[in-house]
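A.B. asks: Take this sequence and fold it.
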Amino acid sequence: MSLTAYADEPRINPLDVVERLATGNDWSFERAGEDEITIMVTGKWTDYQLSYTWMADIEALHLACAFDLKVPERRRSEVQQLIALVNEQLWIGHFDLWTQDGMVMFRHALVLAGGVEATSQQCQALLSSALEACEGYFPAYQFVVWAGKPARQALDAAMFETSGEA
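C.D. replies: Numbers count the residues shown, from 1 in each chain. Have a look, this model is predicted:
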């Protein structure tokens with residue numbers, strides 16, 4: 001069988017896998033259509049809106065994880081610097097600032113080229129990487145936006161780990 005013929009065979013929509021994942025975790029979700037599902041997850045710092053989009057033309061499952069933090073115009077330059085510092089530390093995925101509405105968002109994609117089927121483990125890993133990045137760096141974004149701290153200082157403060165308990 002040629003690669004072209006294999007790629008033309010019907011495949012399981014990866015969003016069906018994501019929907020089963022959300023159902024299994026009792027997360028509220030909304031299936032906006034055949035190509036998009038949005039899941040709401042409560043984190044330690046804030047609630048996260050995870051939007052999965054199946055992009056059939058490039059055979060990629062895209063994940064965008066947004067959180068409730070609007071960056072005012074006067075802090076956007078410093079947030080951009082923080083995003084650059086944070087992205088240097090990430091092995092997968094990246095943060096973006098959507099300048100139109102001032103939202104910070106984590107994005108990542110799972111490439112499923114050639115008719116590859118998405119597994120629940122892959123979709124869970126995609127979700128976990130997004131939540132870990134957002135939970136880990138959310139305090140740094142807060143320090144820049146709400147406390148007016150410089151990017152480097154905010155990142156250092158957010159990454160400071162204490163040991164033991166008081």
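A.B. asks: C-alpha from now on. contacts and neighbour counts both.
C.D. replies: Fine.
A.B. asks: Least confident secondary structure element in this structure?
C.D. replies: helix 3-8 (a mean of 51; mean pLDDT, DSSP states H and E).
A.B. asks: Show the contacting residues for Leu97.
C.D. replies: The contact partners of Leu97, by C-alpha atoms under 8 Å, 6 or more residues apart in numbering, come to Val79, Gln80, Ile83, Met103, Val104, Met105.
A.B. asks: ok, which stretches of this structure are helices?
C.D. replies: Ranges of helices within the chain are 3-8, 14-24, 76-89, 120-145, 151-159, based on DSSP state H.
A.B. asks: out of those, nearest to Lys70?
C.D. replies: Of all those, it is helix 120-145 that lies closest to Lys70, at 8.3 Å by C-alpha to C-alpha.
A.B. asks: Tell me which residues of that closest one come out buried.
C.D. replies: 120, 123, 126-127, 129-131, 133-135, 137-145 (16 or more other C-alpha atoms under 10 Å).
A.B. asks: can you check stretch 46-66 too?
C.D. replies: For stretch 46-66, by 16+ other C-alpha under 10 Å, it's 48-54, 59-66.
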